[in-house]
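1. return a 3D structure for these sequence lines:
(one chain, ligands or ions: 2)
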Amino acid sequence: MADDEYLDAVDYTRDDIDVEDFAETKFAVKLNDVSRSYKAGRMDIEALRNVSLEVKLGDFIVIAGHSGSGKTTLLNIIGAIDLSSSGRVYVMDVPINDYDEAFRSSFRLSNTGFIFQSYNLVSTLTAVENVMFPMQLSDKSHSKLHDEAIMLLERVKMDHRADHLPWQLSSGEQQRVAIARAMANDPPIILADEPTANLDGDSGQMVRDLLIELNEMGKAVIVMTHDEGIIKQSGIRRFTMNEGVLTENV
Ligand SMILES: Nc1ncnc2c1ncn2[C@@H]1O[C@H](COP(=O)(O)OP(=O)(O)OP(=O)(O)O)[C@@H](O)[C@H]1O
Ligand SMILES: [Mg+2]
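-> Ligands and ions are numbered 1, 2, ... in the order given. Alright, predicted model coming up:
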């Protein structure tokens, strides 16, 4: 399929896109032979080596790999935060590397929800303001967006803390707010980078359950983790990253 045909799939200028609108989408994520190298002084670091991956909507992908193996690099490329050095990257069938940063950042806001190991909430914004943050391109009124953000906080059982600042929340609570933020704009793809690594048992379980719920809604969920509680789930595809090489475990 030619690249320009990919573009016809979904009208990205709409802000009311729903998962059902993506029925025609072939792949949530498709990587063809993707490499990413970094120059550090005179050294070339090959963070990703010829990674190919096909992820459909409704897939739950788990990738494990030791520190420095390239997990975050891969997530950043899928999330259009970083560019590959070579290879083709399609997100929702769109060849995102072919576009400028302005397109990629608005594309990112409506298509991918990011969940980080250290939550990455904006420290000067309340819980509800953090959830509203990715909605900045919407033309809906502030009060409508506020209502939507409160509904998302209800989904993660954090609406009673809507006006609290991140430092006033426990680790597990901060991660639940971060998940509500990742759900803002109802993105078809959820990317999580060791989302349970800093959480205790109960909070970790809540985050695991939320990831499963998002996947059951039809979203593609891609999680970098060593969390056995996530890896052992049935119906997921497991991969290992080793020195930039991605292999599916069979
Ligand atoms: N901006 C950068 N400049 C130079 N090298 C980088 C940069 N970002 C990452 N690297 C290198 O690329 C490799 C992969 O890094 P990456 O952060 O993707 O690993 P990771 O699997 O996420 O590790 P961890 O489990 O510790 O988070 C590492 O060798 C790292 O040092
Ligand atoms: Mg990492």
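2. buried ones in the host helix or strand of residue 206?
-> Assigned by DSSP states H and E, residue 206 belongs to helix 201-216. Under the neighbour-count criterion of 16 or more other C-beta atoms under 10 Å, helix 201-216 has 203, 204, 206, 207, 208, 210, 211, 212, 214, 215 buried. C-beta here means a position set from N, CA and C on the backbone, and glycine is covered the same way.
3. may I ask which two of these are separated the most?
-> 203 and 215 (19.1 Å; C-beta to C-beta).
4. ligand 1 contacts on the chain?
-> 38, 40, 45, 47, 65, 67, 68, 69, 70, 71, 72, 73 (C-beta under 6 Å from any ligand atom).
5. so which of those reach ligand 2?
-> Residues of the residues of the chain next to ligand 1 in contact with ligand 2 (C-beta under 5 Å from the ion): 71, 72.
6. quick check: the farthest pair among the residues of the chain next to ligand 1?
-> Among the residues of the chain next to ligand 1, 40 and 65 lie farthest apart (C-beta to C-beta), at 19.7 Å.
7. neighbour count for the two, which is higher?
-> residue 65 (21 against 8; other C-beta atoms under 10 Å).
8. my guess is that one contacts residue 238. True?
-> No - counting by C-beta atoms under 8 Å, residue 65 does not reach residue 238; the two are 11.3 Å apart.
9. rewinding a little: so which of the buried residues of helix 201-216 comes closest to residue 183?
-> Among the buried residues of helix 201-216, and counting by C-beta to C-beta, the member closest to residue 183 is residue 214, at 7.1 Å.
10. doesn't residue 183 make contact with that closest one?
-> Yes - contact criterion C-beta under 8 Å: residue 214 and residue 183 qualify, at 7.1 Å.
11. the closest residue to residue 157 other than its chain neighbours: what secondary structure?
-> Of all residues beyond its chain neighbours, the one nearest residue 157 is residue 176 (6.9 Å), with distances taken as C-beta to C-beta, 6 or more residues apart in numbering. Using DSSP: H, G, I helix; E, B strand; the rest coil, the secondary structure recorded for residue 176 is helix.
12. burial of residue 176, as a residue count?
-> Applying other C-beta under 10 Å, I find that residue 176 has 25 neighbouring residues.
13. ok, it touching residue 160?
-> No - proximity of residue 176 to residue 160 does not meet the contact threshold set by C-beta under 8 Å, at 11.5 Å.
14. pull the distance from the helix or strand residue 152 falls within to the chain's centre.
-> Per DSSP H and E: residue 152 is located in helix 142-155. Distance, stretch centre to chain centre, for helix 142-155: 20 Å (C-alpha atoms, centre = their mean, to the nearest Å).
15. quick one: buried residues of it?
-> For helix 142-155, by 16+ other C-beta under 10 Å, it's 145, 146, 148, 149, 150, 152, 153.
16. farthest-separated two in those residues?
-> 145 and 153 (12.7 Å).
17. just to revisit the earlier point, the helix holding residue 152 - contacts with which helices or strands?
-> Packed against helix 142-155, as judged by 3 or more C-beta pairs under 8 Å, 6 or more residues apart in numbering; DSSP states H and E, are the following elements: helix 127-132, helix 171-183.
18. give the buried residues for the shortest one.
-> Of the residues in helix 127-132, 127, 128, 129, 130, 131, 132 count as buried by neighbour count, 16+ other C-beta under 10 Å.
19. burial of residue 53, as a residue count?
-> Neighbours of residue 53 using other C-beta under 10 Å come to 20.
20. look up how far ligand 1 lies from it.
-> 15 Å (C-beta to the nearest ligand atom, to the nearest Å).
21. how about that residue, what does it touch?
-> By C-beta atoms under 8 Å, 6 or more residues apart in numbering, residue 53 lies in contact with 29, 30, 31, 61, 239, 246.
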